[in-house]
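In: predicted structure and sequence below. I'll ask about it afterward.
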Amino acid sequence: MNIGVLGGTFDPVHNGHLIVAEEVRARLDLTIVVFVPAGQPWLKQDSPISSAEHRVEMVHLAITDKPYFKLSTMEVERPGPSYTVDTIAEIRAKLSPEDEIFFILGWDNLAQLPQWQEPDRLITMCRLVAVPRPGFPPPSLKKLEAIIPGLSQQVMVMDKPEIDISAKVIRNRVAQGLSIRHLVPEPVNRYIKEHSLYIL
């Protein structure tokens with residue numbers, strides 16, 4: 001069984017996340033893609049984020065009708081900062097040795113991998129699937145390999161899909177009273193309105 005894992009703040013989850021997850025699932029023939037909302041994202045400790053309750057519920061609403069997508073609240077339930085290496089280790093422990101994990105991340109996140117918690121251990125437990133992020137260049141595998149030996153054998157750098165949607169833009173549009181229809185699934189759009197999220 002091949003499993004995709006897509007972690008993120010998901011503040012809010014948007015159509016770009018769903019398109020990326022589906023593209024990777026289809027291209028790599030993954031059984032499922034697990035969405036893992038971050039509990040306390042350590043790289044965003046200085047940035048205000050919505051409560052885990054709201055972010056989890058928005059992911060639930062976004063994927064509830066998609067049988068290939070699953071929601072995991074393991075990072076939200078785990079105390080302390082959210083580290084990908086801990087999440088992958090937890091998932092790995094529940095799988096058979098022949099099962100493979102494909103961790104989906106953006107080109108920008110792959111470039112930051114040396115700053116992550118135990119990146120050398122992370123690449124022993126999963127493959128990394130790096131997808132484009134508009135405005136960011138493809139990461140240099142040569143530079144990353146020099147810092148994290150063995151990385152290049154564990155990374156797939158994809159050239160598609162290029163999705164120019166960001167949670168920050170969505171939050172800003174809501175704050176300005178602009179429509180976000182077609183940027184997020186409609187149930188998420190309704191949830192944001194009902195709970196007055198992102199209104200300054």
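Out: Sure thing, it's come through.
In: three-state assignment of the residue of the chain most remote from its centre?
Out: Largest separation from the mean C-alpha position in the chain: Gly177, at 26.7 Å (Cα atoms, centre = their mean). The three-state label given to Gly177 by DSSP: H, G, I helix; E, B strand; the rest coil is coil.
In: do the same with Asp164
Out: With three-state DSSP as the basis, Asp164 sits in coil.
In: for it, give me its contacts.
Out: Counting by Cβ atoms under 8 Å, 6 or more residues apart in numbering, Asp164 makes contact with 16, 134. For glycine as for every other residue, the C-beta is placed from the backbone atoms N, C-alpha and C.
In: separation between it and His195?
Out: 26 Å (Cβ to Cβ, to the nearest Å).
In: same question for Ser152.
Out: Taken as Cβ to Cβ, the span from Ser152 to His195 is 44 Å.
In: can you count the residues close to the residue nearest to Thr73 when sequence neighbours are not counted?
Out: Nearest residue to Thr73, sequence neighbours excluded (Cβ to Cβ, 6 or more residues apart in numbering): Val56, at 5.8 Å. For Val56, the neighbour count with other Cβ atoms under 10 Å is 21.
In: next, the buried residues of the longest helix along the chain.
Out: In the chain, taking DSSP state H as the definition, the longest helix is helix 15-28. Using 16 or more other Cβ atoms under 10 Å as the burial criterion, the residues of helix 15-28 that qualify are 15-25, 28.
In: how about residues contacting that helix?
Out: Applying Cβ under 8 Å, 6+ apart, the external contacts of helix 15-28 come out as 2, 4, 6, 8, 10, 30, 32-33, 35, 62-63, 66, 68-69, 102, 104, 129, 131, 156, 158, 160-161, 163-166, 182-185.
In: now, of these, which are buried?
Out: For the contacts of helix 15-28, a burial check counting by 16+ other Cβ under 10 Å picks out 4, 6, 8, 10, 30, 32-33, 35, 62-63, 66, 69, 102, 104, 129, 131, 158, 163, 165, 183-185.
In: just to revisit the earlier point, and the two most separated of the buried residues of helix 15-28?
Out: For the buried residues of helix 15-28, the farthest-apart pair by Cβ to Cβ is Asn15 and Leu28; their separation is 20.3 Å.
In: hang on, the earlier thing: the inter-axis angle of the helix or strand following the longest helix of the chain versus helix 15-28?
Out: Scanning forward in sequence from helix 15-28 by DSSP states H and E, the next helix or strand is strand 32-37. Counting by axes from the mean of the first three to the mean of the last three Cα atoms, to 10 degrees, strand 32-37 lies at 150 degrees to helix 15-28.
In: average pLDDT for strand 32-37?
Out: On average, the pLDDT along strand 32-37 is 97.
In: likewise for stretch 101-118?
Out: Mean per-residue pLDDT for stretch 101-118: 96.
In: any buried residues in that stretch, and which?
Out: For stretch 101-118, a neighbour-count test (16+ other Cβ under 10 Å) marks 101-107, 109-111, 113, 116 as buried.
In: in helices, which of those appear?
Out: 107, 109-111.
In: can I get those in CSV with distance to Ile199?
Out: Listed next are those as CSV, based on distance: Cβ to Cβ, whole Å:
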residue, distance to Ile199
Trp107, 32
Asn109, 29
Leu110, 34
Ala111, 33
